[in-house]
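Student: My questions are about this predicted structure, shown below with the sequence.
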Amino acid sequence: MAEDNSRAAVKSGIWYVISNVMIRAVGIITAPIYTRLLNTSETGFANNFNNYVSIFYVMTGLCLIYSVGRAKIDFKGEEFHRYMSAIQALSSIFGLILLAVVMLCMPSEGMLGYNRLIIFILFAYLTVYPSIDYMLYKLRFEYRYKENIAISVIITVSTVALSIALILLMPQDKGFAKILGTVIPSALVALVCYIAILGKGRVVFHKEYWKYALAIGLPMIPHGLAMILLSRIDVSMISRMCDLSAVGLYTSGYVIGSLLMFVTNAVGNAWVPLFNERLDGGDIEGIRRDNKILMEAGCFMTVCFIGVAPDMIRVLYAKPYHESMYVVAPVALGTLCQYFYTNYVNAEIFYKKTALIAVNSCIAAGANIVLNYIFIGRYGYIAAAYTTLAGYFILMILHYITTTHILKKKIYADGKYFAMLIVTVCIGTGLSMTYDTFLLRYLFLTLTVLVLVWIWKHDIITFMGFIKNKRMG
């Protein structure tokens, strides 16, 4: 069983990476279409709605989703289905209550820059939307990657198709059309997921399940808000301390730098179910062995990504935006820090110490704001990318301290992890200094890749052999 799950994790990880890249490719391909159909104010109108979805979702969903991984260990078989049904009901009931309160208390002209109809759509959408995540998480921990990927692809394709159709059909209200094009497909899929989970579990109220989920989820609300602040405060501070041109350059570089996150998130999501099973079974050696290979792969991908980033910028952006390439390296390295510290977060969630996660996130977000205030004014918008990297590195240190010294759980080869991360940061920073010299950059990149392959050759052979054996099986 353990070997089957290991192979399932590898297979699902590969397909999660492929699907995430394809979904992101759809976003890149359709971006020029939207820029031709919508003006900047209409785009801002629609995108601001999505921002509010991200912010309020942290609260309306009660962060119950974070309990699913541990619940899969504690509740076996049919009880897990009942648990999923119960927490889905809890979040939707809370969402309905919040929707009623908002509609009763909202001024007649609306709020947040939107009229009453759009605010109603926002909170009604947030009532059902968590069901998509519940289903995706449930499928992930059951190693059912095909259904998981299918849901994501259906939502992505239908959102693009409907958004473009509605924008063309509603030329007088394109911003609202874009919102409807985003909301309708996800809401319909969410309803299907809701019915499927409820039909499987057939539980609405269950005191013990609700208590279990709230104990893990509620402390994660400050964490979710702090992470939003950590990732988005830069733009606000750049707009105030620099100008809108700097905002445009920073966000353009940030979009490219964060592309790596789609790969690392896919790998991390595939790893979590196997990690939970092994930790529950006390297989620390197996966790260390396989997780080390995953971290090495993350470092390798980050180095290669930073090396080719300037060419991506030049292909995708017009010349005035080429300066944004200097944002990419620190953003990509910050993504790598997230990839590393998620290992410790997984352990904290497993041991149900989510309050400590929230404390660490708030500290890191506060540190990021202070660093932004100090360095953006002195060195400009590029400094914000490095302060974000510093914030994520601080967060990794905090989670390391929490897991190893507060929880007293020695799970990973911590010294090797910090060494790998620091070396990768140095290499990535060095590569960014060669962005103006094509030959020197690729010479540096080639030598680095050869050295890394030589150092990690045994792990590469082990990983490739595992995939080969899986295919043969």
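Tutor: Thanks, I have the structure now. Numbering: from 1, shown residues only.
Student: Quick one: distance of stretch 186-201 to the chain centre.
Tutor: 23 Å (Cα atoms, centre = their mean, to the nearest Å).
Student: Report the buried residues of the strand or helix carrying residue 152.
Tutor: Take DSSP states H and E as the rule and residue 152 turns out to sit in helix 145-169. By 16 or more other Cβ atoms under 10 Å, the buried positions in helix 145-169 come out as 145, 148-149, 151-152, 155-156, 158-160, 162-164, 166-167. The C-beta positions use only the backbone N, C-alpha and C, and glycine is treated the same way.
Student: ditto for stretch 304-312
Tutor: Using 16+ other Cβ under 10 Å as the test for burial, stretch 304-312 gives 304-307, 309-310.
Student: average model confidence for it?
Tutor: For stretch 304-312, mean pLDDT rounds to 92.
Student: what does stretch 357-376 give?
Tutor: Per-residue scores along stretch 357-376 average to 91.
Student: Could you do stretch 441-456 as well?
Tutor: 92.
Student: Geometrically speaking, which residue is the centre of the protein?
Tutor: By Cα atoms, centre = their mean, the chain has its centre lying nearest to residue 265, at 6.0 Å.
Student: The helix or strand hosting it packs against which elements?
Tutor: Secondary structure assignment for residue 265, by DSSP H and E: helix 260-280. Applying 3 or more Cβ pairs under 8 Å, 6 or more residues apart in numbering; DSSP states H and E, we find helix 260-280 packed against helix 2-37, helix 68-74, helix 130-141, helix 284-316, helix 325-350.
Student: Report the inter-axis angle for it versus helix 284-316.
Tutor: When axes from the mean of the first three to the mean of the last three Cα atoms, to 10 degrees is applied, the directions of helix 260-280 and helix 284-316 differ by 170 degrees.
Student: Can you list the buried residues in stretch 115-132?
Tutor: 118-132.
Student: Contacts for it next, please.
Tutor: The contact list for stretch 115-132 (Cβ atoms under 8 Å, 6 or more residues apart in numbering) reads 49, 52-53, 56-57, 60-61, 64-65, 88, 91-92, 95-96, 98-99, 102-103, 106, 108-112, 114, 151, 155, 176, 179-180, 183, 186-187, 189-191, 193-194, 197.
Student: Can you tell me which of those residues are buried?
Tutor: Applying 16+ other Cβ under 10 Å to these flags 49, 52-53, 56-57, 60-61, 64-65, 88, 91-92, 95, 98-99, 102, 106, 114, 151, 155, 176, 179-180, 183, 186-187, 189-190, 193-194, 197 as buried.
Student: Those in helices, which ones?
Tutor: Of the buried ones among the contacts of stretch 115-132, the ones assigned to helices by DSSP state H are 49, 52-53, 56-57, 60, 88, 91-92, 95, 98-99, 102, 151, 155, 176, 179-180, 183, 186-187, 189-190, 193-194, 197.
Student: Do you know the pLDDT at residue 13?
Tutor: 64.
Student: same deal with residue 186?
Tutor: 92.
Student: And it, how far from residue 41?
Tutor: 24 Å (Cβ to Cβ, to the nearest Å).
Student: Need the helices and strands packed on helix 260-280 in JSON lines (columns: distance to residue 226).
Tutor: Below are the helices and strands packed on helix 260-280 laid out as JSON lines (distance: least, Cβ to Cβ, whole Å):
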{"stretch": "helix 2-37", "distance to residue 226": "25"}
{"stretch": "helix 68-74", "distance to residue 226": "21"}
{"stretch": "helix 130-141", "distance to residue 226": "19"}
{"stretch": "helix 284-316", "distance to residue 226": "23"}
{"stretch": "helix 325-350", "distance to residue 226": "13"}
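Student: Kindly compare burial across the ones you listed and name the winner.
Tutor: Mean neighbour count (mean count of other Cβ atoms under 10 Å) peaks for helix 325-350 among the helices and strands packed on helix 260-280, with a mean of 25.
Student: can you give me the angle it makes with helix 260-280?
Tutor: 20 degrees.
Student: And helix 325-350, what does it pack against?
Tutor: Going by 3+ Cβ pairs under 8 Å, 6+ apart, helix 325-350 lies up against helix 68-74, helix 244-257, helix 260-280, helix 284-316, helix 354-379, helix 382-401, helix 414-432.
Student: let's see it at 10 Å
Tutor: helix 68-74, helix 220-241, helix 244-257, helix 260-280, helix 284-316, helix 354-379, helix 382-401, helix 414-432 (3 or more Cβ pairs under 10 Å, 6 or more residues apart in numbering; DSSP states H and E).
Student: and it with helix 414-432, angle?
Tutor: 160 degrees.
Student: how big is the angle separating helix 325-350 from helix 244-257?
Tutor: Using the same axes, to 10 degrees: helix 325-350 against helix 244-257 is 60 degrees.
Student: the residue most distant from the middle of the chain, which is it?
Tutor: residue 108 (35.9 Å).
Student: Double-check that that one belongs to a helix.
Tutor: No. Under DSSP: H, G, I helix; E, B strand; the rest coil, residue 108 falls outside any helix and is assigned coil.
Student: pLDDT value on it, please?
Tutor: Confidence for residue 108, expressed as pLDDT, is 85.
Student: What distance do you get for it to residue 116?
Tutor: Counting by Cβ to Cβ, the gap from residue 108 to residue 116 is 7 Å.
Student: one step back: separation between the residue nearest to the centre of the chain and residue 300?
Tutor: Taking Cβ to Cβ, one finds residue 265 at 17 Å from residue 300.
Student: again, but for residue 396
Tutor: Following Cβ to Cβ, the distance that separates residue 396 from residue 300 is 19 Å.
Student: what do you get for residue 421?
Tutor: Distance, residue 421 to residue 300, by Cβ to Cβ: 13 Å.
Student: Kindly report the same for residue 410.
Tutor: Distance, residue 410 to residue 300, by Cβ to Cβ: 26 Å.
Student: again, but for residue 94
Tutor: Distance from residue 94 to residue 300, by Cβ to Cβ: 43 Å.
Student: Could you list the domains of the protein?
Tutor: Domain ranges of the chain: 1-218, 220-473, per automatic domain parsing.
Student: Show me how far the shortest one is from its chain's centre.
Tutor: The chain centre lies 13 Å from the centre of domain 1-218; the measure is Cα atoms, centre = their mean.
Student: And the helices and strands packed on helix 325-350: which comes nearest residue 33?
Tutor: helix 284-316 (14.6 Å; Cβ to Cβ).
Student: for residue 165, what are its contacts?
Tutor: Going by Cβ atoms under 10 Å, 6 or more residues apart in numbering, residue 165 touches 177, 181.
Student: now the one 10 residues further on
Tutor: Contact analysis of residue 175 by Cβ under 10 Å, 6+ apart lists 38-39, 41-49, 114, 118, 167.
Student: what's the nearest residue to it if we skip its chain neighbours?
Tutor: With sequence-adjacent residues excluded and distances taken as Cβ to Cβ, 6 or more residues apart in numbering, residue 175 is closest to residue 45, at 3.4 Å.
Student: And the pLDDT at the one you found?
Tutor: At residue 45, the pLDDT recorded in the model is 78.
Student: pretty sure it belongs to a helix, no?
Tutor: Yes. Counting by three-state DSSP, residue 45 is part of a helix.
Student: Perfect, I'm done here.
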